[in-house]
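1. quick one: sequence and predicted model below, then my questions.
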Amino acid sequence: MTMRNRSQFENQDGAIVCHGVSKWYGQVIALNNISLEISAGIVGLLGPNGAGKTTLLELLTGRLRPSRGRVRVFGMDPWTQPQVFRRVGYCPDSDGVYEKMSALEFVSLLGRLSGLSAEESHKSAVARLDLVGLSRFTHQKVGTFSKGMKQRVKLAAALVHDPDLLVLDEPLNGLDPIARIKMIRVLRELAESGMVILLSSHILAEVEALTSHIILIHHGNILAEGKIEEIRALIANQPYTYRIQTDDPRSLARALVMVPAVESVEFDLENSSLIVRTAEAAALCKAVQELVCKEGHMVTSLAPLDDSLEAVFQYLVK
């Protein structure tokens, strides 16, 4: 994978900066006074249908103008300064492709529209199609591609001009399991090279496989932003849930119900484990350690069940 040196951008302000941004359609408020900054790495944009994700992406890609507030991409206004898109790659959820073109023709065309010469565009298109696993299909008509193959050719087109920011709307939709694994690996490599990636998705497990940094939007408002574990730690009204694997669940349960930090204990005898809820995670872990060291209980694993992205998402949208 060949990438130009991105170090020249490291000391600039965030790739994406939104300040007090609102967007409404008549009486319908799609986004309500949101502010955010994205500077590096992969960030997952999450929310239920109608939450405002697509509206935010369309503001960032200059397809919409904010009703109020300021949107900046690399310091420029995407609505009035289209030259910013020389540094931005966009992969929409819709299949906006020229179906009668071959994959190579389509990706090369997007390169020419981004300002590359014919030679540069052709060379980059070949490289990007190879990157997304379509090198064997470069001369095949895009209209004959499956949904997953169209997703990959759109990604190649978004990358053909070597952008510094990649905006992806449901990029893993329609991919088979093997293609998803490959796509996740490609996106990680791009982020490691210095590219900033913002992706919108409703497939929580796949977002979690890509990044721990999320922005959660609900009803046009940002409910939370940051690392998943940090957000979970701030949800004070929900007890922590742990699975404790042990060779003697009943004996350990009797000991745990005497621990003040433990709110409840449930048996999962089929898996030789206990499901324990507590509002004081550190106190629970310390108590289990003492039960192992001082009273001889055998514990083979102690794992949180609700610090996953799905659990955090469910807590926040209740």
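-> Alright, I've got the coordinates.
2. so who does the residue lying closest to residue 161 once chain neighbours are set aside touch?
-> Excluding the flanking residues, the one nearest residue 161 by CB to CB, 6 or more residues apart in numbering is residue 114, at 3.6 Å. Every residue, glycine included, has its C-beta placed from N, CA and C. By CB atoms under 8 Å, 6 or more residues apart in numbering, the contact list for residue 114 reads 85, 86, 160, 161.
3. try residue 154
-> With contact set as CB under 8 Å, 6+ apart, residue 154 has these partners: 91, 92, 95, 96, 97.
4. mind showing which ranges of the stretch 151-300 of the chain have poor pLDDT?
-> 203, 232-238 (pLDDT under 70).
5. strands of that one, start to end?
-> In the stretch 151-300 of the chain, strands defined by DSSP state E, counting those that start in this stretch lie at 165-169, 196-200, 213-218, 221-227, 240-246, 262-268, 273-278, 299-304, listed in chain order.
6. would JSON lines of these with mean neighbour count and distance to residue 151 be doable?
-> Formatted as JSON lines, the strands of the stretch 151-300 of the chain follow (neighbours: other CB atoms under 10 Å; distance: least, CB to CB, whole Å):
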{"stretch": "strand 165-169", "mean neighbour count": "23", "distance to residue 151": "10"}
{"stretch": "strand 196-200", "mean neighbour count": "23", "distance to residue 151": "12"}
{"stretch": "strand 213-218", "mean neighbour count": "21", "distance to residue 151": "22"}
{"stretch": "strand 221-227", "mean neighbour count": "17", "distance to residue 151": "27"}
{"stretch": "strand 240-246", "mean neighbour count": "20", "distance to residue 151": "35"}
{"stretch": "strand 262-268", "mean neighbour count": "15", "distance to residue 151": "39"}
{"stretch": "strand 273-278", "mean neighbour count": "21", "distance to residue 151": "38"}
{"stretch": "strand 299-304", "mean neighbour count": "13", "distance to residue 151": "33"}
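7. want to throw those strands into CSV with distance to residue 287?
-> Compiled in CSV, the strands of the stretch 151-300 of the chain are given as follows (distance: least, CB to CB, whole Å):
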stretch, distance to residue 287
strand 165-169, 44
strand 196-200, 40
strand 213-218, 31
strand 221-227, 27
strand 240-246, 11
strand 262-268, 8
strand 273-278, 9
strand 299-304, 11
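8. how about those, which one is nearest residue 74?
-> strand 165-169 (7.2 Å; CB to CB).
9. kindly calculate the angle that the closest one makes with strand 196-200.
-> Strand 165-169 runs at 10 degrees relative to strand 196-200, counting by axes from the mean of the first three to the mean of the last three CA atoms, to 10 degrees.
10. mind listing the strands strand 165-169 pairs with, and their directions?
-> Strand 165-169 has the following strand partners under DSSP bridges: strand 88-91 (parallel), strand 196-200 (parallel).
11. highest neighbour count among the contacts of residue 114?
-> Neighbour count (other CB atoms under 10 Å) singles out residue 160 as the most crowded of the contacts of residue 114, with 29 neighbours.
12. pretty sure that residue contacts residue 123?
-> No. Counting by CB atoms under 8 Å, residue 160 stays clear of residue 123, with 9.9 Å between them.
13. which one among the contacts of residue 114 gets closest to residue 251?
-> Within these, the smallest distance to residue 251 is 62.6 Å, found for residue 160 (CB to CB).
14. so what's the closest residue to that closest one other than its chain neighbours up against?
-> Nearest non-adjacent residue to residue 160, counting by CB to CB, 6+ apart: residue 111, 4.1 Å away. By CB under 8 Å, 6+ apart, the contact list for residue 111 reads 120, 121, 122, 124, 125, 160, 161.
15. of those, which belong to helices?
-> Under the assignment DSSP state H, the contacts of residue 111 contribute 120, 121, 122, 124, 125 to helices.
16. can you list the residues you listed in CSV and add pLDDT, distance to residue 272 and neighbour count?
-> What follows is the ones in helices among the contacts of residue 111, written out as CSV (pLDDT from 0 to 100; distance: CB to CB, whole Å; neighbours: other CB atoms under 10 Å):
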residue, pLDDT, distance to residue 272, neighbour count
120, 95, 61, 17
121, 94, 60, 21
122, 96, 60, 18
124, 95, 55, 22
125, 96, 55, 26
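17. which two of those have the greatest separation?
-> It's 120 and 125 that sit farthest apart of the ones in helices among the contacts of residue 111, by CB to CB, at 9.4 Å.
18. secondary structure class for residue 29?
-> Counting by DSSP: H, G, I helix; E, B strand; the rest coil, the backbone at residue 29 sits in strand.
19. give me phi/psi at the nearest residue to it once chain neighbours are set aside?
-> Leaving aside its chain neighbours, residue 29 sits nearest to residue 220 (5.2 Å; criterion: CB to CB, 6+ apart). As for residue 220, its main-chain torsions (degrees, to the nearest 10) stand at phi 80, psi 0.
20. contacting residues around residue 220?
-> The contact partners of residue 220, by CB under 8 Å, 6+ apart, come to 29, 30, 31, 32, 34, 51, 52, 55.
21. quick check: buried residues in stretch 74-93?
-> Neighbour counts over stretch 74-93 (16 or more other CB atoms under 10 Å) mark 74, 76, 78, 84, 85, 87, 88, 89, 90, 91, 92, 93 as buried.
22. having no further points to raise, I will conclude here.
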